[in-house]
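Undergrad: next input, structure requested:
(one chain, ligands or ions: 1)
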Amino acid sequence: MATGDLSAERISSLLRTERFGRALHVYDSVVSTNDLARQLADEGAAEGTAVIAKEQAAGRGRGGRAWLSPPGGLWLSVLLRPTLPVEEWPLLGVVLALASCRAVETVAGLRTGVKWPNDVMVGPRKLGGILVEATPAFAIGGIGLNANLTDAALPDPVGILATSIQMETGRGIDLNVLAAAVLSSSEEYYRRLPAEKASLLAEFRDRSVVLGRRVHITGSASFDGLAEAIDESGALLVRTPAGLQVLRAGEVSIRVAE
Ligand code: BTN
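TA: Sure thing, here's the model as predicted:
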């Protein structure tokens, strides 16, 4: 298994980007790559600056959950300075989820889907996730992909089955190649905002593993319904006996009924 050791030099040699990953910081161990990227952003770092760590001591997931980040995964954050109106910033999660799907498909040959708002799925199992943390001036796009992790390294988060590239394909991949692919596809998808918003959302809907399914929602409210549509802001519309509920990323957790 030629999984390679993560190195900034090797990733840079594979990059086909203008800005994403051109400033690249690779660490052995950090608390959270999102924290370091945020620090760099505060110091004035350029858009596309990326931070990657071999492991995170306290990786963060959505909804305040912990994100298990042992060696063997890709734990990456990229600094974004969007010029989009702030109400469209949820689309950042959309583009990073699509970019992550594309990268996993290219590098590992796996067919991936998106569980709203931006979990990267292989069938019913979660292979990765996106955490976008925003300030008024910038956003940090955190991407976590379970790559060379075994079952034992991946306890399932409550109610969700986890998987990895290795578990799905039976072999590991070179993390440098995956990192370069994620940065390249992220730049490509990000550049399509705002002009190609409609086609990005069309791809997001096509990849959805939630649309047309019955879902159970928890969080600020708890209810069941039918995931009917994803609107032009990226919000999920769920039909319930009480009417149509509009769900925005960050507010809720969602479980798809069997
Ligand atoms: C989720 O809950 O699905 C989102 C997980 C996001 C994890 C990534 S790993 C790199 C970055 N740093 C973090 O602490 N979290 C994100």
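
Undergrad: what's the neighbour count on the closest residue to residue 247 other than its chain neighbours?
TA: Leaving aside its sequence neighbours, residue 247 sits nearest to residue 236 (Cβ to Cβ, 6 or more residues apart in numbering; 4.4 Å). Glycine gets a C-beta too; all of them are placed from N, C-alpha and C. Per other Cβ atoms under 10 Å, the neighbour tally for residue 236 reads 24.

Undergrad: for residue 236, list each beta-bridge partner.
TA: Beta-bridge partners recorded for residue 236 (DSSP bridges): residue 230, residue 247.

Undergrad: can you start the count at 13 instead of 1 from here on
TA: Okay, using 13 as the starting number, the last item reads as residue 248.

Undergrad: which ones are touching it?
TA: Residues near residue 248 by Cβ atoms under 8 Å, 6 or more residues apart in numbering: 128, 129, 222, 239, 241, 242, 258, 259, 266.

Undergrad: change it to 7 Å
TA: Counting by Cβ atoms under 7 Å, 6 or more residues apart in numbering, residue 248 makes contact with 128, 239, 242, 259.

Undergrad: could you point out the longest helix in this protein?
TA: Criterion DSSP state H: the longest helix present in the chain is helix 102-120.

Undergrad: could you point out which element follows that helix?
TA: Scanning forward in sequence from helix 102-120 by DSSP states H and E, the next helix or strand is strand 125-127.

Undergrad: what helix or strand is the residue in the stretch 13-162 of the chain positioned nearest to the ligand on?
TA: Closest contact between the stretch 13-162 of the chain and the ligand, by Cβ to the nearest ligand atom, is at residue 141 (1.9 Å). Residue 141 is part of strand 137-146 when elements are defined by DSSP H and E.

Undergrad: starting at the chain centroid, how far to that strand?
TA: 4 Å (Cα atoms, centre = their mean, to the nearest Å).

Undergrad: and for stretch 73-91?
TA: Here the centre of stretch 73-91 is set off from its chain's centre by 9 Å, with Cα atoms, centre = their mean.

Undergrad: would you confirm that residue 46 contacts residue 144?
TA: No: assessed by Cβ atoms under 7 Å, residue 46 is found out of contact with residue 144, at 9.2 Å.

Undergrad: still on that earlier bit, buried sites along the longest helix of the chain?
TA: For helix 102-120, the neighbour count (16 or more other Cβ atoms under 10 Å) marks 102-116, 119-120 as buried.

Undergrad: near the ligand, from those?
TA: Here nothing survives when the buried residues of helix 102-120 are matched to the ligand using Cβ under 6 Å from any ligand atom.

Undergrad: related to what we said a few turns ago, any idea of the pLDDT on the residue nearest to residue 259?
TA: Residue 248 is assigned a predicted lDDT (pLDDT) of 95.

Undergrad: walking through the stretch 63-212 of the chain, point out its helices one by one.
TA: 102-120, 177-181, 187-203, 209-219 (DSSP state H, counting those that start in this stretch).

Undergrad: and these: which comes nearest residue 148?
TA: Closest of the helices of the stretch 63-212 of the chain to residue 148 is helix 102-120, at 14.2 Å (criterion: Cβ to Cβ).

Undergrad: for that closest one, packing partners?
TA: When contacts are defined as 3 or more Cβ pairs under 7 Å, 6 or more residues apart in numbering; DSSP states H and E, helix 102-120 packs onto strand 131-134, strand 137-146, strand 151-157, helix 177-181, helix 187-203, helix 209-219.

Undergrad: deepest-packed of the ones you listed, please.
TA: Ranked by mean neighbour count under mean count of other Cβ atoms under 10 Å, the helices and strands packed on helix 102-120 are led by strand 151-157, which reaches a mean of 27.

Undergrad: contacting residues for the closest residue to residue 204 other than its chain neighbours?
TA: Among residues not flanking residue 204 along the chain, residue 212 sits closest, at 5.8 Å (Cβ to Cβ, 6+ apart). For residue 212, the contacting residues are 106, 107, 110, 201, 204, by Cβ under 7 Å, 6+ apart.
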